[in-house]
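Visitor: sequence unavailable; structure follows:
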């Protein structure tokens, strides 16, 4: 089973995950909205702020995939998305995708109030 940790308060993130959920094979994914409960995320040693900054997923072997690697892990399991997973896995394409995703994720994190609250709370602990 692949566990996907996502930001359920982000409109874009929620829409994307809803789409994946609709097309994903039954029983393959465990979708965890970390804004409802970060317990499973914390069990992996990942703070709420880290989880909100970038998509995280744990594969069936227990390995954590972050950012673009998490998307690739998801896409490889979805019929019409496998080609994108292969394309984005190519070295140069992956570098560009990583840079673009991290830039977008940083912008999104700074813009959303619940992300900023998580960042502030993380500094106080």
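Guide: In hand now; what should we look at? All values derive from a computational prediction rather than experimental measurement.

Visitor: now the closest residue to residue 8 other than its chain neighbours, what are its backbone angles?
Guide: Leaving out its chain neighbours, the residue that sits closest to residue 8 by CB to CB, 6 or more residues apart in numbering is residue 33, at 3.3 Å. For the C-beta atoms, the positions are set from N, CA and C on the backbone; glycine is no exception. For residue 33, the backbone dihedrals are phi -80, psi 110 (criterion: degrees, to the nearest 10).

Visitor: with residue 30 instead?
Guide: phi -120, psi 110.

Visitor: list the beta-bridge partners for it.
Guide: In this entry, residue 30 is beta-bridged to residue 3, by DSSP bridges.

Visitor: pretty sure it sits against residue 2.
Guide: Yes. With contacts defined as CB atoms under 8 Å, residue 30 counts as touching residue 2 at a distance of 7.1 Å.
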